[in-house]
Structures are given as C-alpha cells and as structure tokens.
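Sequence plus the predicted model coming up.
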Amino acid sequence: MVVKQSHSTVEKWFESIKVEVLKIDPVAFAENFLTIDGLPLRLGGGTGWKFLADVYRYVATKALGPEGKPVVCVKARQVGATTMAAALELYFCTSDLFGTSPQKPPIRILHCFPALSLVQKFAKDKLSTMIRTSKDNYIIKHALSHNEETGKRRMDVPDDTLTEKQFKNENKLWVDSSANDAQRLQGMSVDCIFYDEVQRMNQDDIGNSKRTLTAARYGPKGQGIQMYFGTPLQRGSDFYKMWEASDKRFYHLRCSACKEYFKLYEPGSDSWEEIWLYANIVKCPHCEHEQDKIEAVENGKWVPSQIVMSNGEEPQYIGFHFNQLLIPYFDKEAIIREKPGIHATNSERIWKNEILGEFYSGSELPMSEEEIYQYCRNINKRISYGVPSVSKNINPKVIVPYQSPTFMGIDWGGKNDDLNSTIGKSYSSVVIISADRSGVLQIENAFKLKDNSWNHKKAIVNEMYRRFNIMLTVADLGYGSDIVPELQREYGGRIIGCLNSGSLINPVKYDPEELRMIVNHHTILEEIFGNMRKSKVLFPWKSYEQIHWLIEHFCSMEKEQRTFQGRVITRYVKGTGPNDGLSAFMYAYLAYKFYLTQGFKVKNHQINAKSNGPILAYLPGI
Ligand SMILES: [Zn+2]
C-alpha cells in the first residue's frame, strides 16, 4: 500500500516536471494546453505541420533576443496563422517563463488589426474561444483575476474585457486597431506586436504603432518583437515591399532516399505539379524517389533565398512564405480543384493570392485599400447624421447659403437566396453622398440595415429624406421590385429604380414612364474607379472605423478582361467578399449623374425625359 502510494507520488512528480519542460517549447505548450474549438491542436512530430511549428519556435526564441529581427509571414488563406498568433500570445502570457524574475520581466503584447471590426471578430471568435476551451481551464487559472486558493474570481482586480487580458506575473495582452495613425494606441507601452491582416494596413499606421515599442523589454532595444502576417495582394504594395526586404525563406522538403533538400513550391512556377505526383506522394527532383509528402515535410527545414539584398545590404526582416500546398490534410487533387477554370468562382487573382500566397502581378485590382488611402481621404471629415428636422417655416425671401445637393443610393438585401453565396445573409446597404460645385463627391454616411423588413426599410428611407434633404435616390430594382414602386407613390420622381443591362452602346438609359433607369454596371464602375483615382470621391476618414466595411466592399471586386469585336471589354465581377456597399454607392453616383445630366438628356438620348422626369426644379440657380 505504502509502496504503491510513493510510486504514484514519484510518477506525479515526474509528470509535473515533464509538463514544466514542455512549457518551454511553444509547440508543446500549444499541444498540451490549447485546443482549436475544443479539438486538439496538433503541430508536433508526424503531423506534417513542421513548417509552421518552426515559425512558432523562431518567434519564441530568436525574435525575442536582442539580435532578433522583425518577422514577416506571407501566407495563403486557412494556413493557421491567426491561430499561431493567438497561441503564441497565450504562451508568452501563461507559460510562467515571463514576469517571474528580474531577468525575465513581464511581457506586454498587442495583437493589432487594421480596423476595429476585425478586432471584435478575432477577440470574440478566436481568442475567447481559445481561452475558454484550454485544457483543465489552464488559461483561466492563469488569469490575474483567478484566486488560486478559493478557485473564484478575485474582487480586487478589474475584470478582463474582450480585448484586454491580464495574467499572473503582470503579463498582459491587448487586441486593438492601428487605424487613423494608431490613435487608439497612444500612450501604450508594449514589448511585442503581432500585426494581423497586414496587407490592409498602411505604412503611416504601422509607423505610428511602433512607437509603443520604444521601451520594449524584449527583442532589439527600442524595437521589441514585431511579427507581421497577411495574405498578399498586388505587387508594389507596402506588404510586398516588406517581403522584398526580407530574407525570403521557403520551406524545403527532405528526401528520405538521397537525403537532399528540395522545394515543393517555387514562386512563380508550376513545377510543383511535377514534384507532387498525386494524393500525398511527392517525387524527389534529385533522385526521383517517390515518397510520402508529410514525412518529407517533417524532415524538412526553412532556407533563406535572399541573404544579401540587391543593394548589398542585409535584409531587414526574417521572411517566411507558406501556402496551401503545405497544408497536410490537402491532397494534390484538392489543390487542383481550386484552380481558376476548374473551380466555379476562383479567379486568377484568388488562386495566386489566397491559395499560392503569391503577390498578384496581372492586371491590377479594380481598387485597392492603398489607393483609397492615397486618393480618397478627407481627413477632416466624420460621417454626418444630417439635420434631425428641417423647419418648414423658412422665409422664402431669406437667401440661404449654397448647400451641396445630397443623393442616396440603396442596394436591397436578401440576396441570401443565391446558392453561390457563402457570406450568409446580406442586408440592405445605404450610401448618402453630397456633391460640391467642382463635382467632388463626399460620402456623408453609409450603413447597413440590420433588418430586412418592409416597415424598417420604409422608415429608414423616410428618415434619410428628412435628415439629409435628399434630392434624388436611385435604388436597385432587381431586388426592390416591390418596395421601389411603393416608395415612388410617396416620393414620385425623387426615387428612381435601376436595372442592370449589358448594353455597351447605351450604357445608361432612362424610362420616364416607369421612373427607372437601365444601366450597364461595368461601364459605371469603371467610371467610378477612374474618378476615385482622380480624388473625385472622398471618404470621411475621421470615421474610418465606421466606414471600414464600406472600404472593404469597394475593394472586393475582381476584374475580367476580354476582347469583343476588337475592343477590350472590362467586366467587374464579385470577388470573395461582399460588395453591397459599393453597389449602394454606385446607385448614389447614378443619382448624382442623373441630376447633373438632367436625366441623361445631355447624352442625346432618344428618350424624352422632359415631362415625367424627376423634379429638376431642385437644380441650384433655377
Ligand atoms: Zn532524393
């Protein structure tokens, strides 16, 4: 009896030593204490995730030291990079390796996104879940507010919020946005920043956010630990420049026969299709031995491909490139199915950016966030809420100052019936713009309706007319064939329905009998993107966080070019993200254009819009 007990004590003691040792390795830590949505997190030996496990270890050891360099990860979608960041953050905060001695001061970490909407999503869906589902409540027990003696919450410690977590030994984790010159981060002092979705950040915001690292206690002096990760977009972007200034590491597999290393993926080349034969079998390019891909990955290593940059200098960043080809649970056939032409909706750009993790060099994106930042910022303006009530007793003899006319565009929601839609329920979007005398369009407000009911839609339209004194509205008729005529009974020609047409000869037509216009969307979008690059469309940048969704919608389109009767025709098609906000803007733009051309008459139409057209008495000066 006694012997047995002491034996079990030794076992327990040995087990606890083992656990302590495992905590030092971030990969072992993640496997032992964390889960992904309650499922085991497996990265270690034999899983085929060694390429990612090595990045975990690099950040937890090398990047931490005084000689460390900022790390840039250029990655495809779904390769577990955000999970890696969350796991590393919890490792730093709860492994008992930090904040336990004067040589190991507490660590303060910031997980940074380009906008608050992404902060909320990550904090709610990813981080909170990972904390809640840790094994035996490991993370919760390491929270500063956890009382070890009673097992209950300490009352002398403030509550953690969704985006601010305090742990034992004074280790801290924040999740926040770097938008608007990193205003929200002012006064913060941290040791480590994880930049997430970095392809959508601009250099000014990154530069300003780095000031929080001035007094960093880990990483190089004054620099701290910096890790940047994102999915690439176009060449020439800020993210592209960071990657180009890195040592560009690619993962090399190792042949089990000749022991040579070889790349599975060569950037810009299709050679991987010959190395990867089928299913999970790869062929060594040195000795032609056919072998299991997972095993070859497990024996592989990262190799830098740029030791010296073209200007003779040492790279400023450590760069890791990994794409979906390395994901162990994908076989070759699964990757091939993602190719444009085979996959129903994947464009060349999606294939390059999101599957291969390559910067796209083909014809440029229709519009990028960087271009909006460059050409379309009104840094002095917030979104406007209009005037709650307009007095009806204005003396008509009093001359009122010039007021920019306002226009509204509405894209009705309910497109969730679309079988191809993977974004779930879509809501109606509204954009309100004003136009100054020189034709510069200012976005005054933009929002999504939270409710698709008839009454709610009508109430919002009424409220917008009241607040903004809307001159003219254009609304989608395709999904609004019921509500638009109803609104026209009230507002007459101040609301015009809009239908799509493929006509190139007559891109805009107006039918005064039906109070509707028929428009070629591709032509109008091309015109809008062109105007944006001439700074003719301005976003209220002081309200960046509230309009970030709209910016995303503007940048979600894909470009398709083909030749028709000797002419190059550009078509704009929906990309992976939603675009309702852009559609709503397009309708507002059409309302402005209609007003400006007096019902498209200036374009010498066959349709006479004189009699039933919208009330053009609103034209200033008439
Ligand atoms: Zn070989």
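Structure's in. What do you need?

Wait, a helix at residue 380?
No - Residue 380 is assigned coil when assessed by DSSP: H, G, I helix; E, B strand; the rest coil, not a helix.

so what's the residue nearest to it when sequence neighbours are not counted up against?
Once flanking residues are discounted, residue 380 sits nearest to residue 542: 7.0 Å by C-beta to C-beta, 6 or more residues apart in numbering. Every residue, glycine included, has its C-beta placed from N, CA and C. Counting by C-beta atoms under 8 Å, 6 or more residues apart in numbering, residue 542 touches 180, 379, 380, 381, 382.

buried subset of the residues you listed?
180, 381 (16 or more other C-beta atoms under 10 Å).

Can you convert the contacts of residue 542 into a markdown table and add a column each for distance to residue 214 and pLDDT?
Formatted as a markdown table, the contacts of residue 542 follow (distance: C-beta to C-beta, whole Å; pLDDT from 0 to 100):
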| residue | distance to residue 214 | pLDDT |
| --- | --- | --- |
| 180 | 20 | 90 |
| 379 | 25 | 94 |
| 380 | 29 | 94 |
| 381 | 32 | 95 |
| 382 | 30 | 95 |
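
Just give me the closest of the contacts of residue 542 to the ion.
The ion lies nearest to residue 180 out of the contacts of residue 542, by C-beta to the ion, at 53.2 Å.

Contact partners for that closest one?
Neighbour list for residue 180: 205, 541, 542, 544, 545 [criterion: C-beta under 8 Å, 6+ apart].

if you go through the stretch 301-450 of the chain in chain order, where are the helices?
For the stretch 301-450 of the chain, applying DSSP state H, counting those that start in this stretch gives helices covering 332-336, 348-350, 369-375.

and those helices, which one is worst for confidence?
Across the helices of the stretch 301-450 of the chain, the stretch with the lowest average pLDDT is helix 348-350; it has a mean of 87.

any residues touching that helix, and which ones?
With C-beta under 8 Å, 6+ apart as the test, helix 348-350 has contacts from 340, 360, 362, 365, 558, 575, 576.

For stretch 555-572, buried residues please.
So, applying 16+ other C-beta under 10 Å, buried residues of stretch 555-572: 555, 556, 557, 558, 559, 572.

where does the fourth one land in three-state SS?
So that's residue 558. strand.

ok, residue 453 - how many residues close by?
9 (other C-beta atoms under 10 Å).

My error: substitute residue 460 in the last question.
Here the count is done by other C-beta under 10 Å, and residue 460 has 17 residues near it.

hang on, it is in a strand, isn't it?
No - applying three-state DSSP, one finds residue 460 to be helix, outside a strand.

Show me the strands in the stretch 251-400 of the chain, by range?
For the stretch 251-400 of the chain, the strands defined by DSSP state E, counting those that start in this stretch cover 261-263, 276-278, 281-283, 290-292, 301-304, 318-322, 377-378.

returning to what we had before: just curious, which of the buried residues of stretch 555-572 is nearest to the ion?
Using C-beta to the ion, residue 558 comes nearest to the ion of the buried residues of stretch 555-572, at 40.3 Å.

ok, the closest one - contacts?
Residue 558 neighbours (C-beta under 8 Å, 6+ apart): 347, 349, 350, 365, 366, 572, 573, 574, 575.

Residue 286 contacts residue 259, correct?
No - Residue 286 lies out of contact with residue 259 (C-beta atoms under 8 Å); the separation is 9.2 Å.

Near the ion, which residues of this structure? Just list them.
By C-beta under 5 Å from the ion, the residues of the chain that approach the ion are 255, 257, 258, 284, 286, 287, 289.

now the residues you listed as a markdown table including neighbour count, distance to residue 430 and pLDDT?
Below are the residues of the chain next to the ion laid out as a markdown table (neighbours: other C-beta atoms under 10 Å; distance: C-beta to C-beta, whole Å; pLDDT from 0 to 100):
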| residue | neighbour count | distance to residue 430 | pLDDT |
| --- | --- | --- | --- |
| 255 | 21 | 59 | 98 |
| 257 | 12 | 64 | 97 |
| 258 | 13 | 64 | 97 |
| 284 | 21 | 59 | 97 |
| 286 | 13 | 61 | 97 |
| 287 | 12 | 64 | 97 |
| 289 | 14 | 62 | 97 |
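
Find the helix or strand that the closest residue to residue 372 other than its chain neighbours is a member of.
With C-beta to C-beta, 6+ apart as the criterion, residue 372 has its nearest non-adjacent residue at 5.6 Å, and that residue is residue 551. Following DSSP states H and E, one finds residue 551 within helix 544-554.

what's that helix in contact with?
Residues outside helix 544-554 that contact it (C-beta under 8 Å, 6+ apart): 114-117, 177, 179-180, 367, 369, 372, 383, 429, 431, 443, 446, 448, 532, 539-540, 577-582, 585.

Derive a ChimeraX selection command for the buried subset of the contacts of helix 348-350.
Listed next is the ChimeraX selection for buried residues among these, using 16+ other C-beta under 10 Å:
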select :360,365,558,575,576
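
Grab the two from the contacts of helix 348-350 that are most spread out in space.
362 and 576 (16.5 Å; C-beta to C-beta).

distance of residue 295 from residue 50?
10 Å (C-beta to C-beta, to the nearest Å).

try residue 10
Taken as C-beta to C-beta, the span from residue 10 to residue 50 is 34 Å.

Between those two, tell me which one has more neighbours.
More crowded of residue 10 and residue 50, by other C-beta under 10 Å: residue 50, with 24 against 10.

Do I have it right that residue 526 meets residue 569?
No - contact criterion C-beta under 8 Å: residue 526 and residue 569 do not qualify, at 10.0 Å.

Just the C-alpha atoms of the helix holding residue 551, please, in PDB.
The C-alpha trace of helix 544-554 is given here as PDB (Å, rounded to 0.1, in the frame of the first residue of the first chain):
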ATOM      1  CA  TYR A 544     -12.500  55.300 -40.500                       C
ATOM      2  CA  GLU A 545     -13.700  52.600 -38.100                       C
ATOM      3  CA  GLN A 546     -17.400  53.100 -39.000                       C
ATOM      4  CA  ILE A 547     -16.700  53.100 -42.800                       C
ATOM      5  CA  HIS A 548     -14.100  50.400 -42.900                       C
ATOM      6  CA  TRP A 549     -16.700  47.900 -44.100                       C
ATOM      7  CA  LEU A 550     -17.500  50.200 -47.000                       C
ATOM      8  CA  ILE A 551     -13.800  50.400 -48.000                       C
ATOM      9  CA  GLU A 552     -13.700  46.600 -47.900                       C
ATOM     10  CA  HIS A 553     -16.700  46.400 -50.200                       C
ATOM     11  CA  PHE A 554     -15.100  48.900 -52.600                       C
END
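
tell me which residues in that helix are buried?
Residues of helix 544-554 classed as buried: 544, 546, 547, 548, 549, 550, 551, 552, 553, 554 (neighbour count, 16+ other C-beta under 10 Å).

Tell me where the stretch 501-622 of the chain has helices.
In the stretch 501-622 of the chain, the segments counted as helices under DSSP H, counting those that start in this stretch are 521-533, 544-554, 580-596.

Please list all residues in contact with the most centrally placed residue in the chain.
Nearest to the mean C-alpha position of the chain, by C-alpha atoms, centre = their mean, lies residue 197 at 5.7 Å. Going by C-beta under 8 Å, 6+ apart, residue 197 touches 113, 114, 118, 230, 231.
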